[in-house]
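# kindly generate the corresponding structure for this input.
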Amino acid sequence: MNRAILEGLKRRISGAHGAWVDELLSVLWAMRTSPKTASGESPFSLAFRTEVVLPPEMLFPTLRTSNYEQGDSEEGLRANLDLLEERRARAHLRALAYKKVVARIYNRRVRPRPIQVRDLILRRAEVSDPTRARGKLAPNWEGPYRVYDMVQEGTY
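Take a look at the predicted model:
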């Protein structure tokens, strides 16, 4: 999320380094209202049960804003509220399917390399420190260690 905010700010300020404060709200608004690839829904619609009316739609009337009626809007909001859990469940299933496809594409390029005796390996630090008492800035890996015996497949 932080990387996306920084990228959005870099696109908007381009040179005036002190102007990022003025542009931050518009970047956050853009991120909240744009649909995400994984879920197919915008974070705004999943949180507030309705689609957002963008500022340009207020300046340049669209069919949605010109035909606005208060009674119909309240009825539509109630209908959206009834369907909210279904929309969230559908978005969750879409996100899971998206992650599965991305993992399949990534794993297609991975070439497994079996670990042999006398190889140098790294060990995940969370194996020896499951409580993460050292903090988030501690290294993720320990080692290198030399493999001297293979007990069974995957255990060295």
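# strands along this structure, start to end?
For the chain, the strands defined by DSSP state E cover 120-124, 141-146.
# mean neighbour count added to these, as a markdown table?
Quick note: C-beta positions are derived from backbone N, CA and C, even for glycine. Shown next, in a markdown table, are those (neighbours: other C-beta atoms under 10 Å):
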| stretch | mean neighbour count |
| --- | --- |
| strand 120-124 | 12 |
| strand 141-146 | 12 |
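# dump those into CSV; add mean pLDDT as well.
Below are those laid out as CSV (pLDDT from 0 to 100):
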stretch, mean pLDDT
strand 120-124, 89
strand 141-146, 89
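# next, count neighbours for Arg12.
Residues near Arg12, counting by other C-beta atoms under 10 Å, number 16.
# now the strands of the chain as TSV including distance to Glu7?
Shown next, in TSV, are those (distance: least, C-beta to C-beta, whole Å):
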stretch	distance to Glu7
strand 120-124	30
strand 141-146	28
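# and of those, who's closest to Ile5?
The closest of these to Ile5 is strand 141-146. By C-beta to C-beta, the value is 28.3 Å.
# so which elements touch the closest one?
Judged by 3 or more C-beta pairs under 8 Å, 6 or more residues apart in numbering; DSSP states H and E, strand 141-146 is in contact with strand 120-124, helix 125-128.
# who wins for proximity to Asn140 among the ones you listed?
Nearest of the helices and strands packed on strand 141-146 (C-beta to C-beta): helix 125-128, 5.6 Å.
# so what does the closest one touch, helix or strand wise?
Partner elements for helix 125-128 (3+ C-beta pairs under 8 Å, 6+ apart): strand 141-146.
# can you give me the offset of the strand it packs on from its chain's centre?
31 Å (C-alpha atoms, centre = their mean, to the nearest Å).
# show me what counts as buried in stretch 23-36.
27, 31 (16 or more other C-beta atoms under 10 Å).
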